[in-house]
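1. quick one, fold the following:
(one chain, ligands or ions: 2)
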Amino acid sequence: MISSRHFALIPAAGIGVRMGTQQPKQYLRIAGKPMLLHALDTFAASPAIAHVFAVVDAEDGYVEEVLSAAPHLAGRVTVLWNGGATRHESVLNGLHAMRAQVGDDDWVLVHDAARPGLTAALIDKLAQSLRGDAVGGLLALPVVDTMKRSGMNDRVEATVPRARLWAAQTPQMFRYALLRRALEQAVNVTDEASAVEALGLQPKLVEGSPRNFKVTMPHDAALAELYLKGIL
Ligand code: CTP
Ligand code: MG
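-> Ligands and ions are numbered 1, 2, ... in the order given. Prediction:
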């Protein structure tokens, strides 16, 4: 376990329906470079990361051009062409495809291509916080707003106490074999942690950063620019 390596796995096989752009949103240029490239560069530059894998759709028509314009990534990044119909499926397919290069106890950091604001410091913080951990964990942000649950017609059914509520981010970091087993058994999960939770385990929450938010809606692109240009 002491010699566990860290691998990055970036699901990038979505189409970005909510973003509504013509090309899939992971290829949208933010601060001069495609979102996916921001994530690849950050992981590839981290000495803590042994290798980076990106899962794309079998028909992806963009990733080769992105990588050919980034020769510094050669040998650090492998593209896996077996994205699935859901994020869950894409991650699981990626785990299968990287099997030969990763040990059961090695760590896998699963990170959304749509979070270009990740930094080396956040990767290090997550890896350090989980060093030797039996379960693994994720970056997340404590919720600051008062939370409401809606009933019928957008009427408030309940105010949900915000104490101890966190909003999940990525990377989500688990050991290879555990993560694969969790995702193979899971149904309807939107992140890796909930699949691990379904095994009765308790992933650790490590405080992330607002800059690591997920670019989802059209207005998010401008905010991501501000963070990546260092204005925010
Ligand atoms: N993703 C994936 N395979 C899918 C769906 C999503 O690899 N079948 C990836 C996306 O490319 C993204 C990450 O999972 O990097 C987070 O998903 P999300 O933000 O929901 O992206 P999309 O699914 O592309 O967007 P939308 O839900 O608006 O269509
Ligand atoms: Mg989606």
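
2. neighbouring strands for the longest strand seen in the chain, and are they parallel or not?
-> Using DSSP state E to assign secondary structure, the strand with the most residues in the chain is strand 166-175. Strand 166-175 has its sheet partners listed here by DSSP bridges as strand 107-110 (antiparallel), strand 137-142 (antiparallel).

3. Serialize these to TSV and add fields for mean neighbour count.
-> Any C-beta I mention is one placed from the backbone N, CA and C, and that applies to glycine too. Written out in TSV, the entries for those read as follows (neighbours: other CB atoms under 10 Å):
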stretch	mean neighbour count
strand 107-110	27
strand 137-142	20
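
4. now the closest residue to ligand 1 within the chain: how far from Asn188?
-> Taking CB to the nearest ligand atom, ligand 1 has its nearest neighbour within the chain at Gly14, 2.1 Å off. As for Gly14, its distance to Asn188 is 17 Å (criterion: CB to CB, to the nearest Å).

5. get me the contact residues on this protein for ligand 1.
-> Within the chain, the positions adjacent to ligand 1 are 11-19, 25-26, 55, 83-87, 90, 112-114, 214, 216 by CB under 6 Å from any ligand atom.

6. any of these buried? List them.
-> Taking 16 or more other CB atoms under 10 Å as the criterion, what is buried in the residues of the chain next to ligand 1 is 11-14, 16, 19, 25-26, 55, 83-84, 87, 90, 112-114, 214.

7. restricted to strands, list these.
-> Using DSSP E, the members of those that fall within strands are Pro11, Val55.
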